[in-house]
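A.B. asks: attaching a predicted model along with its sequence, questions to come.
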Amino acid sequence: MTVAFPKLLSSQIAFDIARTILDGFDKHYRLFRATSLDAKRHFERGAWQLQQTRLRERIAFYDKRVVECVAILEDEYEDGELTDAVWREVKLHYIGLLTDHKQPELAETFFNSVCCKILHRAYFHNDFIFVRPVISTEYIETTDQTPTYRVYYPVRDGLHTTLKRMVADYQLDCPFADLDRDVSQIELRLQQMFGAAQPELNQQIQVLSSLFYRNKGAYIVGRGINGHREIPFVIPVLHNRKRELVLDTVLFDPAMITVLFSFTRAYFMVDMEVPSGYVQFVRSMLPKKPRSEIYTMLGLQKHGKSLFYRDYLQHLKHSSDRIEIAPGIKGLVMVVFAMPSFPYVFKVIKDAFPPPKETTPALVREKYVLVKNHDRVGRMADTLEYSDVAFPRARFDDDLLAELKLVAPSLIEEEGDTIIVHHMYIERRMIPLNIWLGNAEKCGDEAAVEHGILEYGNAIKELIRANIFPGDMLYKNFGVTRHGRVVFYDYDEIEYITDCHFRTIPLPRNEEDEMSAEPWYPIGKYDVFPEQFGTFLLGNPTVRKYFMKHHADLLTAAYWQGHKQRILDGHVDDVFPYPQELRFSYKPPISFTTTPAAHAA
């Protein structure tokens, strides 16, 4: 495409730089789409471990392309050639090159990433980068044969036939166990949702053209329209034990769909020519979901970070509350602070850690990378990592600033009326589980205590199935989300289950062993003794009662050893992002009014 520029844009160097950066982005997105396309084949074949490997690899694509692009520019041009005037023209040329581009918002973010690698942070908020989006993402048309979403009209052929055609159009190369049966169940639930309302002339079913792949599932994402009513829905497609496909359920509740797109889960793999079209569609289903989180969950986490930061700057501009130390027990590894009006917390790694911590800031960063690349199964909070974040000094609480200067001086810098934090993580704010349990007990709400402990144990068990050992299992390291789910968020002692040795404490050999204040048996770095968990988890009688009712197996080495062996044997367990009772195949447990033996008799 030839673009005509005003005579003002006279620098060939500027145009060449702009072209090089856009070529770098186009390479990135080409590889991103190729990996997303491969997800369909891996799903059809049931290649779960390969699917997870490709997802981890895809997360690193963006940074690799940025580094490649920076290297090309630094090799090609001398510092003296890259004047301020040239950089101003680079941006203008780049804008021209984005005319008719299918992913302009992502390309702008890529441009910023490259520029910020080359330029000093003093330039970060000036004319040289895209502080605000310049190219509109409204009404971008696809060039592929397939549109962003497909539309079906049940009034023509009937709802059952329409739903079958909708599923068939995804062309999955794997047989369904009984598609008619599954479609009939979806049809019944759709009819229940719409109630007795007669079909309108414009009754439609709209579904995004690409499936959403994650772990062992594929998801049809759509909305049903009947007159003025719109109902979002998601249909999970799974393999059964015979390697046949089944439609597992249909989700209508926006809260359930929100959990599916939660910040505590791995990113989806979706082939999208026009990602903004997918984001707009999902946001129509979940209007309270920030666009930044939707982009992130679609695997476009770098653009999600950019949008989040813009939202943060807007919040900062339109708020006045102080930035202060977050409530809860202070950690040994992190300083955590927040604004009461902002639903996120900021976390800074201390320069050094007191005993009993035996780690380093570099190792802590590695743990956060592990979580970013791992399947979080709805039980580990995703984090946004930032460098050189500027805060207004006037908003900083004095005690917080003193704390940061004391324990993390290498990461804090004052420049006039600005505080610069050189490295930090941002996470969704949750209520620490220890505070949540304490408040429930103060109110005499045993049902809430039971729910918290049930969720805590479920979180650990789902992490185990994902090959994650939390390490520090204290309640203060877990949080409760607004949906009442318990999520792990403290990663400095996290390990793979397969790297740990789960042992039973050996019996004392003699009376001296029994009376000894120190262990009489050798303990390796990765040795774990589950029977000791109760010592620091079950001091409260109410908590102990419900823990032993629901999760006593977590105190046995055999439970952990069994799951470790399953992982070593190559099993990838199912972890469903929706309640079991919503599944079409769900069978409620039998309730006995007498003893099981008497019932059988």
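C.D. replies: Looks like it arrived, so ask away. Residues are numbered from 1 along each chain as shown.
A.B. asks: make it CA atoms for all contacts and neighbour counts henceforth
C.D. replies: OK.
A.B. asks: what's the pLDDT at His120?
C.D. replies: Looking at His120, its pLDDT is 65.
A.B. asks: list the buried ones in stretch 79-89?
C.D. replies: Under the neighbour-count criterion of 16 or more other C-alpha atoms under 10 Å, stretch 79-89 has Leu82, Val86, Trp87, Arg88, Glu89 buried.
A.B. asks: which of the three states applies to Val246?
C.D. replies: Of the three states, Val246 takes strand according to DSSP: H, G, I helix; E, B strand; the rest coil.
A.B. asks: residue contacts, it?
C.D. replies: If you count contacts by C-alpha atoms under 8 Å, 6 or more residues apart in numbering, Val246 has them with Phe176, Ala177, Asp178, Leu179, Asp182, Val237, Leu238, His239, Asn240.
A.B. asks: switch the cut-off to 10 Å
C.D. replies: 175-179, 181-183, 236-240, 584-585 (C-alpha atoms under 10 Å, 6 or more residues apart in numbering).
A.B. asks: now swap in Lys357 and tell me
C.D. replies: By C-alpha under 10 Å, 6+ apart, the contact set of Lys357 is Leu332, Val333, Asp492, Glu493.
A.B. asks: helix, strand, or coil at it?
C.D. replies: Classification of Lys357 by three-state DSSP places it in coil.
A.B. asks: just the contacts of Val246: which are in helices?
C.D. replies: Leu179, Arg181, Asp182, Val183 (DSSP state H).
A.B. asks: hang on, the second one packs against Leu247?
C.D. replies: Yes - counting by C-alpha atoms under 10 Å, Arg181 sits close enough to Leu247 to count as a contact (9.2 Å).
A.B. asks: Phe128 belongs to a strand?
C.D. replies: No - counting by three-state DSSP, Phe128 is not part of a strand but coil.
A.B. asks: count of neighbours near Ile329?
C.D. replies: Per other C-alpha atoms under 10 Å, the neighbour tally for Ile329 reads 11.
A.B. asks: next: Glu108.
C.D. replies: 26.
A.B. asks: wait, isn't it in contact with His303?
C.D. replies: Yes - counting by C-alpha under 10 Å, Glu108 does reach His303; the two are 8.9 Å apart.
A.B. asks: what sits in contact with each of the two?
C.D. replies: With the criterion set as C-alpha under 10 Å, 6+ apart, the contacts of Glu108 and His303 do not overlap.
A.B. asks: for Pro343, what are its contacts?
C.D. replies: Counting by C-alpha under 10 Å, 6+ apart, Pro343 makes contact with Glu427, Arg428, Arg429, Met430.
A.B. asks: try it again at 7 Å.
C.D. replies: For Pro343, the contacting residues are Arg428, Arg429, by C-alpha atoms under 7 Å, 6 or more residues apart in numbering.
A.B. asks: quick one, strands of the stretch 251-400 of the chain?
C.D. replies: Secondary structure of the stretch 251-400 of the chain (DSSP state E, counting those that start in this stretch): strands at 324-325, 334-338, 344-349, 384-392.
A.B. asks: mean pLDDT and distance to Cys500 added to those, as a markdown table?
C.D. replies: Conversion of those to a markdown table gives the following (pLDDT from 0 to 100; distance: least, C-alpha to C-alpha, whole Å):
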| stretch | mean pLDDT | distance to Cys500 |
| --- | --- | --- |
| strand 324-325 | 94 | 34 |
| strand 334-338 | 95 | 25 |
| strand 344-349 | 96 | 25 |
| strand 384-392 | 92 | 28 |
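A.B. asks: which stretch among those strands comes nearest Val486?
C.D. replies: Among the strands of the stretch 251-400 of the chain, the nearest to Val486 by C-alpha to C-alpha is strand 344-349 (16.4 Å).
A.B. asks: what angle sits between the closest one and strand 384-392?
C.D. replies: With axes from the mean of the first three to the mean of the last three C-alpha atoms, to 10 degrees defining the directions, strand 344-349 sits at 100 degrees from strand 384-392.
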